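1. just the structure for this:
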Amino acid sequence: MSLKLEKDPLPIKYLVIGIVTITLLTTAYSLYKPLPDGFTVSKWDRAVMHIVEPALRVAYYYPSHMFSKASSMVQWTRGALNLLSKSLGLMVNTHGQIDIKWHVWNGTPVKVYQPINNKTATNGAVIFIHGGGFALGNVEMYDSLVKRMAFEMRTLFISIEYRLSPETVFPGGIMDCEAAIEHLFEFGAVQFGIDTSKIVIMGDSAGGNMATVIAQRRAARNAFPKLAGQVLIYPLLQMADLQTVSYRYFHSRLNGYALVDPESVVYYYMFYAGINMDEKAYLVPSVISNGHVSDSLKSEVDKMMEYEHIIESTRTYKNHSIPCRWPVRPSFEAQQLMEPFLNNPDFSPLMKKDVSNLPPTMVVTCEFDILRDEGLIYAHRLESSGVPTTTINYKNGFHAMLNFHSELNEASNAVYDIERWTLNAIHTVRH
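-> Below is the predicted model of the structure:
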């Protein structure tokens with residue numbers, strides 16, 4: 001009688017577990033990048049961002065840099081962000097109090113968030129325009145944020161699904177938004193029982209650009225009813241100076257993080273301008289140095305950006321040294337392509353000369369955001385022109401943080417600030 005000896009599977013099991021563990025630890029170590037001092041403030045927020053930021057790098061930042069065509073980069077980033085956004089805001093619960101329906105207004109799809117049985121705290125409304133560099137994002141990506149605000153404010157919200165570049169270039173997205181907004185002004189009273197003089201427009205990033213443009217255009221033609229207010233959340237307002245303090249800080253301290261970066265701003269803004277960046281990618285280094293600004297435009301740009309000198313002398317990023325401006329690399333081709341846009345307020349609303357007739361405004365900026373300075377400059381120009389302006393710079397915040405409103409205390413607190421200001425703007429409308 002012979003005995004068959006069976007091999008013990010445990011050593012193989014432990015070997016596999018060990019290999020997997022070592023692989024995960026090695027990957028985590030290779031992806032680890034210490035966050036700057038002040039980048040989010042609570043231990044919870046920093047712990048979350050130590051997970052989220054590397055995940056974003058793996059999901060879209062690194063892969064998007066592997067494509068030879070800029071349009072392929074856009075497509076990959078769209079898909080990755082659309083997928084990742086489904087894991088955010090899962091804790092939002094409206095307790096069945098918000099009725100959500102899609103409509104098409106003057107050819108533009110909109111998603112309407114209406115308190116059930118029209119049980120609103122106000123008889124006003126908020127128009128929300130999502131961000132994404134004019135090329136990314138959609139209504140669904142911002143669904144949890146808008147749904148939360150509609151519930152907490154007990155107020156009607158309309159989120160606009162405008163067309164994106166490079167498929168639809170400037171001013172197509174603006175026209176989509178204006179078409180939908182005109183429907184709301186014309187039929188809002190009958191359709192939703194709102195007072196159309198109590199409408200606030202709100203947008204983040206590129207959506208902040210469009211909200212600014214729409215408010216300026218309505219003010220320029222003295223359109224009635226007037227907007228009750230505008231909320232500009234880390235808005236993208238200009239492309240004439242990519243060497244502001246906040247841009248230079250990014251180059252010295254934040255390069256390589258999955259945050260909005262100068263190169264992406266250039267690609268997306270130029271796509272929006274109708275420039276084929278699959279063919280013109282070689283212009284990006286010149287544009288990042290401001291080499292796309294012609295001599296004929298420099299004096300006007302300098303005048304509009306004048307407040308930047310104050311920012312440069314007063315903001316130090318916790319004493320982190322800010323590099324000096326680097327040499328401009330002029331490109332005559334880039335200057336020719338961009339000249340029609342840089343001082344056009346419908347494209348670069350910071351360049352609007354007269355901003356005195358605008359509605360009460362809230363400007364939200366974040367310390368760790370390349371767009372911080374242009375938001376602060378615009379807020380200063382509004383205030384100097386007599387426009388009631390509230391400016392909040394979140395010293396521990398970063399661009400697009402409101403997309404993490406359920407996950408980060410810093411972002412959630414910002415949402416509460418925005419809600420309070422918006423409700424006040426609606427309630428203080430006088431006839």
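2. tell me the buried residues in the longest strand belonging to the chain?
-> Assignment by DSSP state E gives strand 389-398 as the longest strand of the chain. If you call a residue buried by 16 or more other C-beta atoms under 10 Å, then strand 389-398 has these buried ones: Thr389, Thr390, Thr391, Ile392, Asn393, Tyr394, Asn396, Gly397, Phe398. Using the backbone N, CA and C atoms, a C-beta is placed for each residue, glycine as well.
3. residues contacting it, please?
-> The contact list for strand 389-398, computed with C-beta atoms under 8 Å, 6 or more residues apart in numbering, reads 38-41, 45, 259, 360-369, 372, 375-376, 379, 382-383, 401, 410-411, 414, 417, 421.
4. after it, which helix or strand is next? Please name it.
-> helix 409-427 (DSSP states H and E).
5. now that following helix against strand 389-398, angle please.
-> 160 degrees (axes from the mean of the first three to the mean of the last three C-alpha atoms, to 10 degrees).
6. just how off-centre is helix 409-427 within its chain?
-> 17 Å (C-alpha atoms, centre = their mean, to the nearest Å).
7. then stretch 185-197?
-> Chain-centre distance of stretch 185-197: 28 Å, with C-alpha atoms, centre = their mean.
8. stretch 384-404 now?
-> 12 Å.
9. from the contacts of strand 389-398, which would you call buried?
-> Neighbour counting by 16+ other C-beta under 10 Å classes 39-40, 45, 259, 360-369, 372, 375-376, 379, 382-383, 401, 410-411, 414, 421 among the contacts of strand 389-398 as buried.
10. of the residues you listed, which belong to helices?
-> If you go by DSSP state H, the buried ones among the contacts of strand 389-398 have Asp45, Arg372, Gly375, Leu376, Ala379, Leu382, Glu383, Glu410, Ala411, Ala414, Trp421 in helices.
11. adding distance to Leu184 and pLDDT, write these out as JSON lines.
-> Converted to JSON lines, those look like this (distance: C-beta to C-beta, whole Å; pLDDT from 0 to 100):
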{"residue": "Asp45", "distance to Leu184": "36", "pLDDT": "96"}
{"residue": "Arg372", "distance to Leu184": "31", "pLDDT": "98"}
{"residue": "Gly375", "distance to Leu184": "26", "pLDDT": "98"}
{"residue": "Leu376", "distance to Leu184": "30", "pLDDT": "98"}
{"residue": "Ala379", "distance to Leu184": "26", "pLDDT": "98"}
{"residue": "Leu382", "distance to Leu184": "24", "pLDDT": "98"}
{"residue": "Glu383", "distance to Leu184": "28", "pLDDT": "98"}
{"residue": "Glu410", "distance to Leu184": "32", "pLDDT": "96"}
{"residue": "Ala411", "distance to Leu184": "28", "pLDDT": "97"}
{"residue": "Ala414", "distance to Leu184": "26", "pLDDT": "98"}
{"residue": "Trp421", "distance to Leu184": "21", "pLDDT": "98"}
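12. surely Ile158 is in a strand?
-> Yes. Checked against DSSP: H, G, I helix; E, B strand; the rest coil, Ile158 lies within a strand.
13. is it true that it touches Val110?
-> Yes. With contact defined as C-beta atoms under 8 Å, Ile158 and Val110 form a contacting pair (5.2 Å).
14. alright, that wraps it up for me.
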